[in-house]
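In: sequence plus the predicted model coming up.
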Amino acid sequence: MSYTLDQVRDAVNNGSDLVRTALDLGDRDDDLLNLVVNAVMSVLEDPNTDLDSAIEENYQLDPSVVLSWWNNWS
């Protein structure tokens, strides 16, 4: 079986939505799920990508800014 990039993207996002809905997550966990989805898609497009590159590509922010989001949660 083979899938298009769009089919994989839809499946990953739909799976994330299933978890998000079932667990009634807060903003912190919701942001983390979004980061994981974005990282998965970046790795799918370029298996040699790293987290910093995935963040730069998907958020157009310095990776330290995005990663600091979890340091600011109490």
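Out: Thanks, I have the structure now.

In: tell me which stretches of this structure form helices.
Out: 5-23, 27-45, 51-59, 63-68 (DSSP state H).

In: by contact count, what packs against the first one?
Out: With contacts defined as 3 or more CB pairs under 8 Å, 6 or more residues apart in numbering; DSSP states H and E, the packing partners of helix 5-23 are helix 27-45. No exception for glycine: its C-beta is placed from N, CA and C like everyone else's.

In: go on, the third one?
Out: If you count contacts as 3+ CB pairs under 8 Å, 6+ apart, helix 51-59 packs onto helix 27-45, helix 63-68.

In: D46: how many residues sit nearby?
Out: Neighbour count for D46, taken as other CB atoms under 10 Å: 12.

In: and L44, what does it touch?
Out: Residues near L44 by CB atoms under 8 Å, 6 or more residues apart in numbering: L5, V8.

In: and N72, how far from T4?
Out: 37 Å (CB to CB, to the nearest Å).

In: on that earlier part again, how about JSON lines for the helices and strands packed on helix 51-59, with mean pLDDT and distance to L18 added?
Out: Listed next are those as JSON lines, based on pLDDT from 0 to 100; distance: least, CB to CB, whole Å:
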{"stretch": "helix 27-45", "mean pLDDT": "94", "distance to L18": "11"}
{"stretch": "helix 63-68", "mean pLDDT": "94", "distance to L18": "24"}
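
In: okay, these in a markdown table with distance to D17 next?
Out: Shown next, in a markdown table, are the helices and strands packed on helix 51-59 (distance: least, CB to CB, whole Å):
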| stretch | distance to D17 |
| --- | --- |
| helix 27-45 | 9 |
| helix 63-68 | 21 |
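
In: just these: most buried one?
Out: helix 27-45 (a mean of 15; mean count of other CB atoms under 10 Å).
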